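**Q** Prediction below, plus the sequence it came from.
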Amino acid sequence: MPKLSAILFFCFIALNVSAQTWEIGGNLGGAGYIGDLNSNPVKLSGGSFGLFVKRNFNGYLGAKLNYQYGKIAGADSTSRYEQIYNRNLSFTDGLKELSLTAEFNFMKYIPDAGKNKYTPYVYLGVGLTAFAPHAMYGGSEVSLRSLRTEGQESEYRKNTMVIPYGAGFKYNIGGKWTLAAEVGYRYTRTDFLDDVSGLYADKSKLPNSTSVVLSDRSGERGGAYIGTPGTQRGDLRPKDIYMFAGFTLTYTFVTEKCYYEE
């Protein structure tokens, strides 16, 4: 009995002081964005994948360091609205995100040690994302940032601070393995994920001939250019938002047999 009491005591200490667990995992899915070339909040325009490591402090709360890559795109040629269709802009952008998020489980969840096999969860955090919008021109992909297509005095930044937030549902598929379905959005500090933000520029003040062509592509469709200097080129939203959705597979390192407490 004294030996059993000692074991239970040390289990209790481990549970309440140092019995955190680690997770490693990856995810695969799709990416989309809400901005000047798309207003549909659930439309996916490219693929995404990521890798992460997470520290679980207990069955409810964890902190995750995550790297995510996603490809987003938009094209006016897909719009059902005539004005946007005639604008004829398009872009692709590869997003590289590094984030730190706090994750909260609604049910106590410890794979291979707890009684709950599943739980919904939410997360919130902060991150930094590198972005680089491109467009197809003359059969080649052209970087848009340096072209300053809206007459900017200088190039916009190559990265932006983001606020990741989202929700998901995780399920213990066996042992220490967990499968989750998740969707999350990122509020950004830029309106240039798609290289479109404000007004049409005076073409005589743009840096080069490529800038002139890609600042107003409406004439490529019907021959008439609609980009009068000073008129609206983008929408009225001040910042772009992007999203990731997909499936996550994780492995949890549960080293303490007495980790779970009823």
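**A** Thanks, I have the structure now. Note that the structure is a prediction, hence the values are computed from the model and not measured.

**Q** Quick check: Ala130 touching Asp93?
**A** No. Applying Cβ atoms under 8 Å, one finds Ala130 not in contact with Asp93, separated by 10.1 Å. For glycine as for every other residue, the C-beta is placed from the backbone atoms N, C-alpha and C.

**Q** okay, the two: which has more neighbours?
**A** Neighbour count, other Cβ atoms under 10 Å: between Ala130 and Asp93, Asp93 has more, with 25 against 14.

**Q** Now for the more buried one: which residues touch it?
**A** Shown in contact with Asp93 (Cβ atoms under 8 Å, 6 or more residues apart in numbering): Tyr33, Lys71, Ile72, Ala73, Phe131, Ala132, Pro133, His134, Leu193, Asp194.

**Q** Go again with 7 Å.
**A** Asp93 makes contact with Ile72, Phe131, Ala132, Pro133, Leu193, Asp194, according to Cβ atoms under 7 Å, 6 or more residues apart in numbering.

**Q** Assumed it was part of a helix.
**A** No. Looking at Asp93 with DSSP: H, G, I helix; E, B strand; the rest coil, it is strand, so not inside a helix.

**Q** Now it. Nearest residue, chain neighbours left out?
**A** Leaving out its chain neighbours, the residue that sits closest to Asp93 by Cβ to Cβ, 6 or more residues apart in numbering is Pro133, at 4.6 Å.

**Q** Relative to Leu199, how far out is that neighbour?
**A** 18 Å (Cβ to Cβ, to the nearest Å).

**Q** which one of these two has more residues nearby?
**A** Each of Pro133 and Leu199 has its neighbours counted (other Cβ under 10 Å); Pro133 has more, 23 against 15.

**Q** Show me the beta-bridge partners of Gly184.
**A** Applying DSSP bridges to Gly184 gives these bridge partners: Gly166, Phe244.

**Q** list the contacts for it?
**A** Applying Cβ under 7 Å, 6+ apart to Gly184 gives the contacts Tyr123, Pro164, Tyr165, Gly166, Met243, Phe244.

**Q** Which SSE is immediately downstream of the lowest-mean-pLDDT helix or strand in the chain?
**A** None of the helices or strands of the chain scores lower by mean pLDDT, DSSP states H and E than helix 2-13, at a mean of 42. As assigned by DSSP states H and E, the chain's next helix or strand after helix 2-13 is strand 21-34.

**Q** so what does that following strand touch, helix or strand wise?
**A** Judged by 3 or more Cβ pairs under 7 Å, 6 or more residues apart in numbering; DSSP states H and E, the packing partners of strand 21-34 are strand 46-56, strand 61-75, strand 241-253.

**Q** That one to strand 241-253, inter-axis angle?
**A** Interaxial angle, strand 21-34 versus strand 241-253 (axes from the mean of the first three to the mean of the last three Cα atoms, to 10 degrees): 160 degrees.

**Q** tell me the angle of strand 21-34 relative to strand 61-75?
**A** Interaxial angle of strand 21-34 relative to strand 61-75 (the same axes, to 10 degrees): 20 degrees.

**Q** ok, back up a step: could you identify which of the contacts of Asp93 has the most neighbours?
**A** Neighbour max across those (other Cβ under 10 Å) = Ile72, 30 neighbours.

**Q** Can you give me the pLDDT of the residue lying closest to that one once chain neighbours are set aside?
**A** Using Cβ to Cβ, 6+ apart and skipping residues adjacent in sequence, the residue nearest Ile72 is Tyr33, 4.4 Å away. With respect to pLDDT, Tyr33 has a value of 97.
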